[in-house]
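Enquirer: Sequence and predicted structure, then a few things I'm wondering about:
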Amino acid sequence: MVRPNGQQGKYMKIGEKEGAILVIAVLVLAAWQFGYITLPGSIAPELPFTPTPTPPPSGVTREAAGIQFSVHDAVTDGSLSSGNLKVDVVKVDADGTIDFMRKVEQVTVNSDPEQSSQTYGQGDVLILHVSDDADPTGGTDFYDRWYYVKLVEGEPIRRFTPTQVTAISSNPTYKYKFSSIKGVATNYKVQYTSGTTNYWGIGVLDVVPRATAANLDLYYTYGGTTVSSIADGSTVDQTAGSSDATLSTSNEDTYLKIDIGATNVGFASPMITLTSKGQLETRRAVAIFSTTMTGIGASKLNDEGWTSVGDSTLTAEKAYYMVIDELLPTKGNKVSVDIKIPIDATAATASTAYTFKIWVIDFQNIDNLATSGACSSSIPTAYGCIGEFGIDAIIYAYPYATSSGSGTTQVLTGVLTTAS
């Protein structure tokens, strides 16, 4: 070789022994560099890249197959299977259009797990409506739940609500597409099992057990006084007395207590319905109160989540409603909630008795309450993909209504006297 100073040198001949030593040295250096070994007195360097899990084989095409799932009680996690349990399946079109008036099938869940009779291809998006009108212990029927899933291995099964879709047409019937909002993921992901019978495994779907009216006790309280109550679920308090309690000041808090008297049952789960044109509607449980104190302050009520009922026929009273959040106990327990009804009587006449009427009722269209005060006492017709609802009747079956400008058919009635 040529040295830097231009003098000629000689090539060095490396023997087999020296070559082997050199190869070993190179391998050891590489192992040290990538952190696979730690040399004495040294600190292994960080890996130059972050390892990622090995992805599933690309280009794998799965044959069309049925879906397999189990249905569980949302509180106890116990499996459910009976002729009362149904799963309605809607398939999203290839262009993303969703027509809720058209379903592929209704699966009767007679076993755990259950499989569909229809088959679905890889990449299909399905929307599932689950209902069960069997009676759980301490309850009556189950609130429905909805889910959606894309049949690709590893994809999560998600809860479905109308907030995740956007209406793209309404004539002759409603059509929807998914928006960018994703539903809450469950703990289950799509799996594919091949064998004698191929199937897409989508894990567990659940429904919510609802308390009976007899186990749904209501109390209207002020301080240590029970102003009005329903403790047996079979009668209502619709008679106003002369005075049940006297407010200490012009600003006081009263409470509506909803107390479920049985374990493992809940109340107030949201429900989805369809109109005859396929429009999605969300129904909720609500608390409503009206009062002859027409000068009651609205600001503190609004701060607590109360909204004015849009009822032009209510001329002798003021009325407000509040959506009740889903009440679900932990397994083996009961659940209750206290709802604050603040009374700002600053503009009311002192030392005067005012009547307060309260309704508690599930399965209501909130838009109707806000615009017209309309309140339903019965389950609507099941249209489109909804084969049937899990609940057969509304609790309590006393809807908000008016007569001669005042609220009527209430379930609780109390009279509060303003401070002097």
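Expert: It's in. Numbers count the residues shown, from 1 in each chain.
Enquirer: Next, count neighbours for residue 163.
Expert: 11 (other C-beta atoms under 10 Å). Quick note: C-beta positions are derived from backbone N, CA and C, even for glycine.
Enquirer: Domains in the chain, by residue range?
Expert: 66-208, 212-417 (automatic domain parsing).
Enquirer: can you put these in JSON lines and add distance to residue 60?
Expert: Listed next are the domains of the chain as JSON lines, based on distance: least, C-beta to C-beta, whole Å:
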{"stretch": "domain 66-208", "distance to residue 60": "9"}
{"stretch": "domain 212-417", "distance to residue 60": "31"}
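Enquirer: Any chance of JSON lines for those, columns mean pLDDT?
Expert: Converted to JSON lines, the domains of the chain look like this (pLDDT from 0 to 100):
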{"stretch": "domain 66-208", "mean pLDDT": "97"}
{"stretch": "domain 212-417", "mean pLDDT": "96"}
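Enquirer: which SS class is the residue nearest to residue 122 when sequence neighbours are not counted?
Expert: Of all residues not flanking residue 122 in the chain, residue 62 sits nearest, at 4.6 Å (C-beta to C-beta, 6 or more residues apart in numbering). Of the three states, residue 62 takes coil according to DSSP: H, G, I helix; E, B strand; the rest coil.
Enquirer: Quick check: end-to-end length of stretch 212-229?
Expert: Stretch 212-229 has an end-to-end distance of 17 Å (criterion: C-alpha to C-alpha, to the nearest Å).
Enquirer: For that stretch, which residues meet the burial criterion?
Expert: Buried positions in stretch 212-229, judged by neighbour count with 16 or more other C-beta atoms under 10 Å: 212-213, 215-222, 227-229.
Enquirer: Over to stretch 335-348?
Expert: So for stretch 335-348, counting by 16+ other C-beta under 10 Å, buried means 335, 337, 339, 341, 342, 343, 344, 345, 348.
Enquirer: Show residues contacting that stretch.
Expert: 247, 250-260, 266-267, 287, 289, 293, 295-297, 299-301, 303-304, 306, 322, 324-325, 327-329, 354, 356, 416, 418-419 (C-beta atoms under 8 Å, 6 or more residues apart in numbering).
Enquirer: buried subset of these?
Expert: Buried members of these, scored by 16+ other C-beta under 10 Å, are 247, 252, 254-256, 258-260, 266-267, 287, 289, 293, 296-297, 300-301, 306, 322, 324, 327-329, 354, 356, 416, 418.
Enquirer: Sitting in strands, which of these do you find?
Expert: 252, 254-256, 258-260, 287, 289, 322, 354, 356, 416 (DSSP state E).
Enquirer: How far does stretch 214-226 sit from its chain's centre?
Expert: 27 Å (C-alpha atoms, centre = their mean, to the nearest Å).
Enquirer: now do stretch 170-188
Expert: Averaging C-alpha positions (C-alpha atoms, centre = their mean) puts stretch 170-188 14 Å from its chain's average.
Enquirer: Repeat that for stretch 114-128.
Expert: Put simply, stretch 114-128 sits 22 Å off its chain's centre (C-alpha atoms, centre = their mean).
Enquirer: same deal with stretch 231-246?
Expert: For stretch 231-246 - counting by C-alpha atoms, centre = their mean - the centre lies 34 Å from the chain centre.
Enquirer: What of stretch 319-332?
Expert: Per C-alpha atoms, centre = their mean, the displacement of stretch 319-332 from the mean C-alpha position of its chain is 12 Å.
Enquirer: In contact with residue 150, which residues?
Expert: Neighbours of residue 150 in contact, by C-beta under 8 Å, 6+ apart: 123, 124, 125, 190.
Enquirer: can you pull the contacts of the last one?
Expert: Residues touching residue 190, when contacts are defined by C-beta under 8 Å, 6+ apart, comprise 149, 150, 151, 152, 153, 154, 155, 156, 157, 200, 201, 202.
Enquirer: buried subset of the residues you listed?
Expert: 149, 151, 152, 155, 156, 157, 200, 201, 202.
Enquirer: With only the CA atoms kept, save the host helix or strand of residue 358 in PDB.
Expert: Per DSSP states H and E: residue 358 is located in strand 353-365. Extracted in PDB, the C-alpha atoms of strand 353-365 (Å, rounded to 0.1, in the frame of the first residue of the first chain):
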ATOM      1  CA  ALA A 353     -97.300  28.500  50.800                       C
ATOM      2  CA  TYR A 354     -96.200  27.300  47.400                       C
ATOM      3  CA  THR A 355     -96.900  23.900  45.800                       C
ATOM      4  CA  PHE A 356     -94.200  21.800  44.200                       C
ATOM      5  CA  LYS A 357     -95.100  18.900  41.900                       C
ATOM      6  CA  ILE A 358     -92.500  16.300  40.700                       C
ATOM      7  CA  TRP A 359     -92.500  13.700  37.900                       C
ATOM      8  CA  VAL A 360     -89.900  11.000  37.300                       C
ATOM      9  CA  ILE A 361     -90.200   9.100  34.100                       C
ATOM     10  CA  ASP A 362     -87.900   7.200  31.700                       C
ATOM     11  CA  PHE A 363     -87.900   6.800  27.900                       C
ATOM     12  CA  GLN A 364     -88.600  10.400  27.000                       C
ATOM     13  CA  ASN A 365     -87.800  12.400  23.900                       C
END
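Enquirer: I'm done for today, thanks for sticking with me.
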